[in-house]
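Q: after the sequence you'll find the predicted model.
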Amino acid sequence: MSCTPPVVFDQAYPSDQEDLKSIPKQYQGAFICESDSALVIISDSSITLHREHYFNTKIKYVEEREECKIVDDKMYVSGRLECLPISMVNDSMVRGTFQETDTLFIMEQGSVARLYNGHLVINQKIKHREWAISLLSPEDGGDLTYKSITEKTKIKNVAKVTHTTDIKVNKGKKPRYKVRPTMKEFDELLTDDKVFIECEYLARVNLEGLFLN
């Protein structure tokens with residue numbers, strides 16, 4: 001949701017709908033990404049991505065780094081708010097895990113959500129009159145599909161539906177375009193799977209059960 005797409009919109013869409021004050025409950029919850037098992041948490045005001053990373057390293061490498069320190073079964077790393085849990089592999093090696101969290105969307109100025117034909121439309125302002133748009137669509141069992149305009153988007157399909165304006169880019173960069181579709185045209189773009197590409201399937205999970213297992 002954070003990458004700059006090849007096609008942007010010159011305003012938030014759908015243009016005939018008001019901004020939501022919160023993300024509807026049917027979209028809220030915990031989800032596992034089908035592609036890489038990352039955890040996505042959707043609250044009433046934000047979407048965050050959580051990934052767990054595993055590492056093995058030699059103890060001497062940790063001891064040589066001033067910002068790292070091993071105490072009992074934890075590794076203290078300068079600049080991180082939490083301690084990293086570790087376990088001994090042998091006398092010279094340790095292994096452990098750490099989590100990274102990315103905020104994909106938060107409801108604030110320049111980031112708005114609107115409902116349209118059963119989709120949650122995520123609008124994120126890149127710069128003046130340039131908006132990136134992505135979709136969350138409900139599936140059976142409370143799952144969600146995430147769709148967005150990506151490098152795989154067929155620009156010719158976009159151009160068949162609505163007028164495209166070239167955006168000036170630096171030499172060597174891939175071309176980018178801006179559109180201002182009517183609502184009828186927006187609906188056509190939304191339903192074309194060569195324009196809004198299915199990027200991820202989000203399987204709903206019970207967060208308590210996930211951490212208890």
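A: Received the coordinates, thanks.
Q: rest of the way, CA atoms for contacts and neighbours
A: OK.
Q: okay, now the unreliable bits of the chain?
A: 1-3, 62-67, 69, 74-76, 78-82, 208-213 (pLDDT under 70).
Q: so how far is residue 70 from the spatially most distant residue from the centre of it?
A: Distance from the C-alpha centroid of the chain, by CA atoms, centre = their mean, peaks at residue 91 (40.1 Å). For residue 91, the distance to residue 70 (CA to CA, to the nearest Å) stands at 13 Å.
Q: what do you get for residue 142?
A: Between residue 142 and residue 70 the computed distance is 43 Å (CA to CA).
Q: SS state for residue 159?
A: Secondary structure state of residue 159, per DSSP: H, G, I helix; E, B strand; the rest coil, is helix.
Q: what about it, neighbour count?
A: Residue 159 has 14 neighbours, counted by other CA atoms under 10 Å.
Q: before we move on, what about the one 10 residues further on?
A: Using other CA under 10 Å, residue 169 has 11 other residues around it.
Q: repeat that for the one 4 residues further on.
A: Taking other CA under 10 Å as the criterion, the count of residues near residue 173 is 8.
Q: mind listing the helices for this structure?
A: In order along the chain, the chain carries the following helices (DSSP state H): 59-64, 155-161, 183-190, 207-212.
Q: out of those helices, nearest to residue 29?
A: Closest approach to residue 29 among the helices of the chain is made by helix 207-212 (8.0 Å; CA to CA).
Q: quick one, phi psi at residue 150?
A: Comment: the main-chain dihedrals of residue 150 come out as phi -130, psi -170, following degrees, to the nearest 10.
Q: ok, the nearest residue to it once chain neighbours are set aside - contacts?
A: Residue nearest to residue 150 in three dimensions, not counting chain neighbours: residue 5, with 5.5 Å by CA to CA, 6 or more residues apart in numbering. Shown in contact with residue 5 (CA atoms under 8 Å, 6 or more residues apart in numbering): 132, 149, 150, 151, 176.
Q: quick one: which of these is nearest to residue 110?
A: Nearest to residue 110 among the contacts of residue 5, with distances taken as CA to CA, is residue 132, at 10.5 Å.
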